[in-house]
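Asks: what follows is a predicted protein model with its sequence.
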Amino acid sequence: MRKVCLVNIGDSREYGQIDEGLGLASSGLEWIAGVLKENGCDVDILDQSFAGLSDYEVVKRIQTMAPDIVGFNPLSSHRKRVQDIALQVKQVCENIVTVIGGYDATFLPLDSYAGIDYIVRGRGELAMLELVNRISAETRTRIAGVATRILTGTEENLDERAHSLPLDKLPIPYRSDEYLQEIVERNEPVSLVSSVGCDWNCAFCSTPQMYPSGRQERPLEDVLREIDELVSKGVKKFSFWDEDFFGKRKQNIERADRIVQHVKEAKYPDGSVGGVITFSFMTTPGMVLAERMGLLPKWEGTVNRIYIGIEGGCREALLNLGNKSCLNPATNAKAVSIIRQYQIGFQYGFIMFNPYSSFEELENSAKFLLDNELAATGISFLHRTRPYPGTEMYAQLHNEGLLIDQVATGEVDVFKGLPYYFKNYLEKGTNIREFALAMARVNSDRRLNDVEQLVNEIDTRFAAKGILKQVFDNGNGCFDNMLPDERVVMRNYRELRKDVGKLNYDFFMQCLEVFRDNYGKGIDEIIDSYYGELDLMIAALNEIKCRIPDVAESTKSEPYQSRFVLYSAKGKDRTDFM
């Protein structure tokens, strides 16, 4: 039987606690490895992020392993990178076969990937086994859902999906003992999947086409058994990468609660009790339903962080995106308000620009972020939807003549170019496209990412100390049961967080007015001033972050005083806050 190496391409850690909560290894690759192992294959998984390897080191590791077949599952932003690695591997490993799969590859022709011999479309565990058997037998039998490079070109099958094992037939994902030992030593989470697909069918999302049968759940007993096996190895952190971990129906959420409670009650070899879930996805209607079912108080202390898909701040934006999970911004706002009543950290998905955006829609979405205290993560003001090949939105834009095909099928670069025209731009000659491109350039500055990561990390640390909800609770009793120095740091952070949000909102609105009224004149000066003020914010956030771990021992904390000069929305007046 052939030797197989499965490679998880990715970047190394940069932001400590927040990144650590996400988990690294791909459950899809681990499922494939499990199926291949059950059928007698020699399989290794090489996780570039976890091992902290450069691309060159990945190539050298593969050369040392000397596999017959190497498989990749890159993100859309790693397309060129994986091609370069594959081409280098072919130079140093004679007769090696290269395979690619995952969300990006499933919707692209094989010619999009130099150095790749096969694409597996959809779930790959059964197709990879068939492919390994075919290569071992040196036959040319056709495999459903597998695109093949041949002497005369390629055999394509863009509309097919690979045959997949029923979820109740899947083995426990393969993870080596050495890998799990290092996970425990580094106190990292293990990535798990308890369901695949989604029931919402949003137009901007690839999931409906990747999993056309909708949401499918693994047998609950299999998920709990997998958790138990990891617990027996000492793993205490779990990161769930389901497209929608909680689902939209009562029975889905009750099932998710069973998983949460199982993690909460886990008994470890060292005598401790209780693991944590560091990450999972949830929709805003799911959050509202979970709160109505009285589940959130039970999740405190076990669910560290939830990612909520808010997506848009007004009904027009949600309709333009083809969002199916929620078209009511009031529901989105309620979900945010609900989770802030509990000691559970959260991140959110938000798309500011879409191909049908108007300036009025952008104003309303920006106001939603400010009104719901979501404006501190400034990147949310700058995000643009990306129409991925295979999505309903991609086809719609193509049919309307709005898609720029060459850009749309190229590798994703969130800081350059737009793969579509704005309908408003074509119809009215407005400058909304130039506005979106200018905000994309702003998004490329590392300071934006630094602020978002610092805010998320501070929130997570407060959640771990059991005082996160006090960040957003303005009631008179919000500081009860807190130590005096904890109160000082909390007050400092509350005011600083509001200042960061106001800075981001005012900057966005000033830029919007410049493009709406003055064709972008003076934008460079506005951006430079914004960057300067972000530097001050980053310094203050870092100071807060450093004081959180030892807050109970600190006796010299001084109340926070705002030092930041902010611009009004029109960019005409300067206003000092605090």
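Replies: Happy to help now that I have it. Residues are numbered from 1 along each chain as shown.

Asks: quick one: mean pLDDT over stretch 276-291.
Replies: The average of the pLDDT scores along stretch 276-291 is 92.

Asks: equivalent analysis for stretch 458-470, please.
Replies: 83.

Asks: just the CA trace of it, in CSV.
Replies: What follows is stretch 458-470, C-alpha atoms only, in CSV (Å, rounded to 0.1, in the frame of the first residue of the first chain):
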residue,chain,number,x,y,z
ILE,A,458,-8.6,41.4,26.6
ASP,A,459,-12.3,40.3,26.4
THR,A,460,-11.3,36.7,26.5
ARG,A,461,-9.1,37.3,29.6
PHE,A,462,-11.9,39.0,31.4
ALA,A,463,-14.2,36.1,30.5
ALA,A,464,-11.6,33.7,32.0
LYS,A,465,-11.6,35.8,35.2
GLY,A,466,-15.5,35.7,35.3
ILE,A,467,-16.0,39.4,34.9
LEU,A,468,-16.5,39.9,31.1
LYS,A,469,-20.1,41.0,31.3
GLN,A,470,-19.1,44.0,33.5
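
Asks: what about that stretch, distance to the chain center?
Replies: 21 Å (C-alpha atoms, centre = their mean, to the nearest Å).

Asks: and stretch 33-51, by the same measure?
Replies: Worked out by C-alpha atoms, centre = their mean, stretch 33-51 lies 24 Å from the chain centre.

Asks: can you show me the helices along the stretch 51-200 of the chain?
Replies: Per DSSP state H, counting those that start in this stretch, the stretch 51-200 of the chain carries helices over the ranges 55-65, 79-92, 103-106, 125-137, 177-186.

Asks: so which of the ones you listed comes closest to Met287?
Replies: helix 103-106 (24.8 Å; C-beta to C-beta). For glycine as for every other residue, the C-beta is placed from the backbone atoms N, C-alpha and C.

Asks: what's the closest one in contact with?
Replies: 73-76, 79, 112-113, 119-122, 161, 206, 209-210, 388, 390 (C-beta atoms under 8 Å, 6 or more residues apart in numbering).

Asks: among these, name the buried ones.
Replies: Taking 16 or more other C-beta atoms under 10 Å as the criterion, what is buried in those is 73-76, 79, 112-113, 119-122, 161, 206, 209-210, 388, 390.

Asks: so Ser357 sits against Tyr421, correct?
Replies: No: under the criterion of C-beta atoms under 8 Å, Ser357 is not in contact with Tyr421, lying 11.6 Å apart.

Asks: who has more neighbours, those two?
Replies: Each of Ser357 and Tyr421 has its neighbours counted (other C-beta atoms under 10 Å); Ser357 has more, 27 against 17.

Asks: from Met537, how far out is that one?
Replies: 27 Å (C-beta to C-beta, to the nearest Å).

Asks: ok, and for the longest helix anywhere in the chain, which residues are buried?
Replies: If you go by DSSP state H, the chain has its longest helix at helix 484-518. Buried residues in helix 484-518, defined by neighbour count with 16+ other C-beta under 10 Å: 485-490, 492-516.

Asks: check stretch 276-295 too.
Replies: Buried residues in stretch 276-295 (16+ other C-beta under 10 Å): 276-291, 295.

Asks: identify those among the residues you listed that sit within helices.
Replies: 284-291.

Asks: now, which of the residues you listed sits nearest Ala366?
Replies: Thr284 (18.7 Å).

Asks: list the contacts of that closest one.
Replies: With C-beta under 8 Å, 6+ apart, Thr284 has these contacts: 308-310, 325-326, 331-332, 334-336.

Asks: try 6 Å
Replies: 308, 326, 331-332, 335 (C-beta atoms under 6 Å, 6 or more residues apart in numbering).

Asks: then Asn332?
Replies: 284, 310 are the contacts of Asn332 under C-beta under 6 Å, 6+ apart.

Asks: what's the pLDDT at it?
Replies: So Asn332 comes in at 95 (pLDDT).

Asks: tilt between the helix or strand where it lies and helix 284-292?
Replies: Of the helices and strands defined by DSSP states H and E, Asn332 is found in helix 329-339. Interaxial angle, helix 329-339 versus helix 284-292 (axes from the mean of the first three to the mean of the last three C-alpha atoms, to 10 degrees): 40 degrees.

Asks: would you mark the buried spots in helix 329-339?
Replies: Across helix 329-339, burial judged by 16+ other C-beta under 10 Å covers 329, 331-336, 338-339.

Asks: so where's the protein shaky on pLDDT?
Replies: 1, 13-24, 412, 414-415, 425-430, 474-480, 549-578 (pLDDT under 70).

Asks: distance to Asp44 for the buried residues of helix 329-339 - can I get that in TSV?
Replies: Formatted as TSV, the buried residues of helix 329-339 follow (distance: C-beta to C-beta, whole Å):
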residue	distance to Asp44
Pro329	48
Thr331	46
Asn332	44
Ala333	48
Lys334	47
Ala335	42
Val336	43
Ile338	44
Ile339	40
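
Asks: closest to Val223 among the residues you listed?
Replies: Closest to Val223, out of all of the buried residues of helix 329-339 and judged by C-beta to C-beta, is Ile339, at 23.6 Å.

Asks: before we move on, the earlier item: the very next helix or strand once past the helix holding Asn332 pairs with which strands, parallel or anti?
Replies: Note on helix 329-339: by DSSP H and E, the next helix or strand toward the C-terminus is strand 345-350. Note on strand 345-350: by DSSP bridges, its sheet partners are strand 305-311 (parallel).

Asks: give me the contact list for the partner strand.
Replies: 21, 279-284, 321, 323, 332, 345-351.

Asks: convert that strand to CSV, retaining C-alpha atoms only.
Replies: This file holds the C-alpha atoms of strand 305-311, laid out as CSV (Å, rounded to 0.1, in the frame of the first residue of the first chain):
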residue,chain,number,x,y,z
ARG,A,305,-15.9,32.0,23.0
ILE,A,306,-18.6,31.9,20.3
TYR,A,307,-18.3,33.2,16.8
ILE,A,308,-21.6,34.8,15.7
GLY,A,309,-22.5,35.5,12.1
ILE,A,310,-24.1,39.0,12.2
GLU,A,311,-23.1,39.8,8.6
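
Asks: in it, what counts as buried?
Replies: Result for strand 305-311 [16+ other C-beta under 10 Å]: buried residues 305-306, 308-311.

Asks: tell me which element the closest residue to Tyr493 other than its chain neighbours is part of?
Replies: In space, and not counting its chain neighbours, Tyr493 is closest to Ile544: 5.0 Å by C-beta to C-beta, 6 or more residues apart in numbering. Counting by DSSP H and E, the element that carries Ile544 is helix 523-547.

Asks: that helix vs helix 484-518, what angle?
Replies: Put simply, helix 523-547 runs at 170 degrees to helix 484-518, going by the same axes, to 10 degrees.

Asks: other residues contacting helix 523-547?
Replies: Contacts with helix 523-547, where a contact means C-beta under 6 Å, 6+ apart, come from 438, 442, 447, 450, 454, 458, 489, 493, 496, 500, 503, 507, 510, 514, 564.

Asks: closest to Gly271 out of these?
Replies: Nearest member of the contacts of helix 523-547 to Gly271, counting by C-beta to C-beta, is Ile458, at 31.6 Å.

Asks: okay, now the closest residue to that closest one other than its chain neighbours: neighbour count?
Replies: The shortest distance from Ile458 to any non-neighbouring residue, by C-beta to C-beta, 6+ apart, is to Lys545 (5.4 Å). Lys545: 17 surrounding residues under other C-beta under 10 Å.
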